[in-house]
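[1] Quick one, fold the following:
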Amino acid sequence: MDFFQFLFSLKRPHKRMVSVAVDSVFLVLSFWFALFVRLDSVEVVLNSQFWLLIALVCPVSIAAFVKLGLYRAVLRYLGTQAMTAIVLGVIVSTLAMVSFAYFLSVDLPRTVPFIFASFALVFVGGARALMRSLVGNGINRRGEPVIIYGAGVSGRQTALALAQSHEYHPFAFVDDDETLHGTVIQGLHVHSPSIIKKLIKQQKASRVLLAMPSASRARRQQILQTLEPLSVKVMTLPAMADLVSGNKLFSDVKEVEIEDLLGRDAVAPRKDLMAANITGKVVMVTGAGGSIGSELCRQILRLAPRKLVLFELSEFGLYSIERELQAIRAELGLDVELFPMMGSVQRQNRVQAVMEAFKVQTVYHAAAYKHVPLVEHNVVEGVRNNVFGTLYTAQAAIATGVETFVLISTDKAVRPTNVMGTTKRMAELVLQALSKLNSGTRFCMVRFGNVLGSSGSVVPLFRKQIANGGPVTVTHPEITRFFMTIPEASQLVIQAGAMGIGGDVFVLDMGQSVKIVDLARKMIRLSGFEVKDEHNPDGDIEIQFSGLRPGEKLYEELLIGDNVEGTGHERIMTAHEVFLTWEELKPVLDKLDMACHAFDHESIRELMLKAPTGFNPTDGICDLVWLNRRHVEDRSNVVALKGQ
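    This is a model prediction of the structure:
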């Protein structure tokens with residue numbers, strides 16, 4: 001192997017010189033072997049005419065190989081083009097031999113050129129094939145053994161790429177196609193998935209590469225369920241379309257997407273609904289730098305609005321999304337004007353000035369505080385941003401003649417046990433009340449659960465904890481949540497907004513709720529580790545239960561009542577729920593405004609309890625300012641009592 005390493009370490013010109021020298025020797029040997037086989041005598045070596053003949057044939061043959069590009073081919077990547085060059089080169093060499101023998105009147109038996117051609121093909125072509133095999137099976141077998149699940153195009157391309165890697169070496173394919181079982185593809189045996197556990201143990205495979213990018217999520221979920229008990233690291237490969245377009249590389253192998261664990265395929269969006277409120281219009285997204293807001297901007301940009309106004313409080317968030325959208329616009333050649341606007345939805349004059357300046361027609365209101373414990377600890381800001389921010393933005397929309405206003409709501413607004421959910425339900429009440437004023441602005445709200453990869457999602461937290469060796473923290477063993485991908489949620493929001501007639505509460509079909517502890521176990525096992533618990537004390541990563549956080553529910557709901565109807569979209573439903581008229585709601589909002597201004601948390605809680613929000617708190621007031629004030633007051637009272 002040291003000799004091979006030395007050869008492959010040479011510079012390209014030196015490698016070509018070695019190849020030319022070796023091929024020359026092969027051609028000479030082929031010629032003499034052909035004569036020995038035909039004449040069965042070693043005395044032919046003494047014939048000077050034969051020496052002259054091979055001396056003339058050899059340079060012509062090498063020149064033909066050079067012209068055909070044989071020496072430009074890299075040995076370890078030898079393909080059909082190189083083999084074609086060898087065949088054509090040998091044909092040229094044979095014809096040159098016959099021609100020179102005729103003109104020089106060399107007494108060459110007629111069968112010798114054919115025998116020469118056979119030997120030349122074996123020596124020149126066979127030697128290269130042998131070297132390529134030695135390189136693939138020897139030098140690069142030092143990495144971790146891996147199994148490729150899927151012997152299709154992606155799997156074969158992956159095997160070729162990994163064959164040159166020093167980190168991993170593939171030793172087997174696994175495929176569902178029974179007709180491939182027992183076959184050999186690119187030197188790798190194709191096996192049935194039923195023996196994958198045996199293969200992993202025999203070869204001590206470190207990971208499985210899932211090379212099935214075109215398979216449905218439901219199918220990938222089935223595969224992951226079979227791999228999960230094996231505690232082997234599972235990684236996915238990009239789709240061939242992304243590889244061809246240049247959006248992805250073979251190096252973009254990544255951990256299993258959590259969407260594959262959920263196993264639900266997204267429904268293709270309806271183009272008419274996607275374009276209704278966007279194409280050719282002026283669209284504004286509040287909270288444009290957030291998880292949902294930024295994805296809404298990406299989806300909206302591709303639908304070719306006339307103008308897209310990005311409204312965001314965070315300077316960095318606004319800068320990031322604007323840069324990204326500029327790149328997408330340039331790549332797709334879109335004629336869309338982008339306007340990055342800084343501001344807070346709590347300042348109605350700023351929001352109204354922006355809407356008026358750009359003549360906004362559609363608003364997607366995604367600006368909100370959504371993290372449950374943080375809003376519990378910052379009650380006044382949560383109410384200000386989520387309730388009054390929505391009110392001010394909606395009133396600005398009415399004042400400037402906005403056609404459609406879509407609120408991004410949450411499943412936590414249903415029978416809320418926390419301040420965040422209650423503020424979002426009150427924001428819904430605000431829009432329901434304003435929609436009855438016949439203002440000309442069509443209000444609707446879209447309610448859905450957790451989105452994967454958002455700033456508050458457990459998935460990135462679990463990944464980080466697993467990477468650090470654990471423990472993985474789950475609040476409660478029975479806690480469940482609904483999940484949806486950000487792109488799918490954003491598309492459904494856009495489509496639901498197009499279906500609203502005014503005051504509609506749309507609910508997205510989130511599929512089945514997921515038990516968070518089960519999700520944690522799957523992520524641990526599919527990362528190649530075993531769960532450490534009482535049944536497996538020698539496991540790798542432990543799951544610890546930290547207890548429910550302030551205001552956190554065990555189970556989330558999407559509907560308040562049972563008065564639910566379907567719509568023209570299979571993933572979108574509409575709910576008919578209790579609401580207040582503007583005359584009934586306005587006094588409540590006025591009192592809530594005064595209570596927030598005075599930091600009167602007792603009054604804030606009382607008003608939220610009395611409003612038709614279904615607020616049923618599981619904890620007392622958790623606002624940190626209020627708690628610290630109470631603590632200071634209690635200490636002062638204790639000191640005063642001691643002084644008496």
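
[2] Enumerate every residue touching Ser19.
    Residues counted as contacts of Ser19 (C-beta atoms under 8 Å, 6 or more residues apart in numbering) are Leu70, Tyr71. Any C-beta I mention is one placed from the backbone N, CA and C, and that applies to glycine too.

[3] Count the residues that sit near Gln225.
    Gln225 has 12 neighbours, counted by other C-beta atoms under 10 Å.

[4] element containing it, please.
    Applying DSSP states H and E as the criterion places Gln225 in helix 217-227.

[5] after that helix, next one along is what?
    Sequence order places strand 233-236 as the next helix or strand after helix 217-227, per DSSP H and E.

[6] what packs against that next one?
    Secondary-structure packing of strand 233-236 (3 or more C-beta pairs under 8 Å, 6 or more residues apart in numbering; DSSP states H and E): strand 207-210, strand 254-255.

[7] Would you mind listing the buried residues in the first one?
    The one in question is strand 207-210. Neighbour-count burial for strand 207-210, counted by 16 or more other C-beta atoms under 10 Å, picks out Arg207, Val208, Leu209, Leu210.

[8] looking at the helices and strands packed on strand 233-236, which has the lowest confidence?
    Across these, strand 254-255 has the smallest mean pLDDT, namely a mean of 58.

[9] in the helix holding Gln225, what's buried?
    Using 16+ other C-beta under 10 Å as the test for burial, helix 217-227 gives Arg217, Arg220, Gln221, Ile223, Leu224, Leu227.

[10] could you dump it to CSV, C-alpha only?
    The C-alpha trace of helix 217-227 is given here as CSV (Å, rounded to 0.1, in the frame of the first residue of the first chain):
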residue,chain,number,x,y,z
ARG,A,217,-42.5,11.3,4.6
ALA,A,218,-44.8,8.5,5.6
ARG,A,219,-42.4,6.0,4.0
ARG,A,220,-39.4,7.6,5.6
GLN,A,221,-41.2,7.5,8.9
GLN,A,222,-41.7,3.7,8.5
ILE,A,223,-38.0,3.2,7.7
LEU,A,224,-36.9,5.3,10.7
GLN,A,225,-39.2,3.3,13.0
THR,A,226,-37.3,0.1,11.9
LEU,A,227,-33.9,1.8,12.4
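
[11] Mean confidence (pLDDT) on it, please.
    Helix 217-227 shows a mean pLDDT of 78.

[12] Just name whatever secondary elements it is in contact with.
    Contacting helix 217-227 under the criterion 3+ C-beta pairs under 8 Å, 6+ apart are the following elements: strand 207-210, helix 258-262.

[13] Quick one: list the elements packing against the shortest one.
    Applying 3+ C-beta pairs under 8 Å, 6+ apart, one finds that strand 207-210 makes contact with strand 144-149, strand 168-174, helix 217-227, strand 233-236.

[14] That strand pairs with which strands, parallel or anti?
    Note on strand 207-210: by DSSP bridges, its sheet partners are strand 144-149 (parallel), strand 233-236 (parallel).

[15] which residues in the stretch 201-350 of the chain form strands?
    207-210, 233-236, 254-255, 282-286, 307-312, 337-342 (DSSP state E, counting those that start in this stretch).

[16] Now do the second one: distance to the chain's middle.
    In this view, strand 233-236 has its centroid 13 Å away from the chain centroid, taken as C-alpha atoms, centre = their mean, to the nearest Å.

[17] what mean pLDDT does it have?
    What strand 233-236 shows for mean pLDDT is 79.

[18] how about the strands of the stretch 451-600 of the chain, start to end?
    Assignment of strands within the stretch 451-600 of the chain using DSSP E, counting those that start in this stretch yields the ranges 472-474, 480-481, 483-485, 504-508, 514-515, 531-532, 541-545, 564-566, 572-575.

[19] Could you identify which of the ones you listed is most buried?
    Comparing the strands of the stretch 451-600 of the chain on average neighbours per residue, with mean count of other C-beta atoms under 10 Å, the densest one is strand 504-508 at a mean of 24.

[20] Let me see the mean pLDDT of that strand.
    The pLDDT scores in strand 504-508 average 82.

[21] can you give me the angle the helix holding Gln225 makes with strand 168-174?
    Angle between the axes of helix 217-227 and strand 168-174 is 110 degrees (criterion: axes from the mean of the first three to the mean of the last three C-alpha atoms, to 10 degrees).

[22] buried stuff in stretch 508-522?
    So for stretch 508-522, counting by 16+ other C-beta under 10 Å, buried means Leu508, Asp509, Met510, Ser513, Val514, Ile516, Val517, Leu519, Ala520, Arg521, Lys522.

[23] List the ones among those residues that fall in helices.
    Ile516, Val517, Leu519, Ala520, Arg521, Lys522 (DSSP state H).

[24] need those residues in CSV with distance to Pro416 and pLDDT, can you?
    CSV is the format used below for these (distance: C-beta to C-beta, whole Å; pLDDT from 0 to 100):
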residue, distance to Pro416, pLDDT
Ile516, 19, 84
Val517, 24, 85
Leu519, 23, 82
Ala520, 25, 85
Arg521, 29, 83
Lys522, 29, 79
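
[25] Among these, which pair sits farthest apart?
    Ile516 and Lys522 (10.8 Å; C-beta to C-beta).

[26] Please enumerate the helices of the stretch 101-250 of the chain.
    112-120, 126-134, 153-163, 196-203, 217-227, 240-245 (DSSP state H, counting those that start in this stretch).

[27] circling back to that earlier point, nearest to Gly503, out of the strands paired with strand 207-210?
    Of all the strands paired with strand 207-210, strand 233-236 sits nearest to Gly503, with 42.7 Å by C-beta to C-beta.

[28] Quick one: mean pLDDT over stretch 380-392.
    Stretch 380-392 comes out at a mean pLDDT of 96.

[29] what comes into contact with that stretch?
    Stretch 380-392 is contacted from outside by 344-348, 351, 365, 367-369, 374-375, 407, 419-420, 423-424, 426-427, 430-431, 589, 592-593, 596, 599, 601, 604, 623, 625, using C-beta under 8 Å, 6+ apart.

[30] and Leu338, which of the strands paired with strand 207-210 is closest to it?
    Of all these, it is strand 233-236 that lies closest to Leu338, at 32.9 Å by C-beta to C-beta.

[31] Name all residues that make contact with Thr404.
    With contact taken as C-beta under 8 Å, 6+ apart, Thr404 is in contact with Asn277, Gln361, Thr362, Val363, Thr441, Arg442, Cys444, Gly497, Ala498, Gly500.

[32] Sounds good, over and out.
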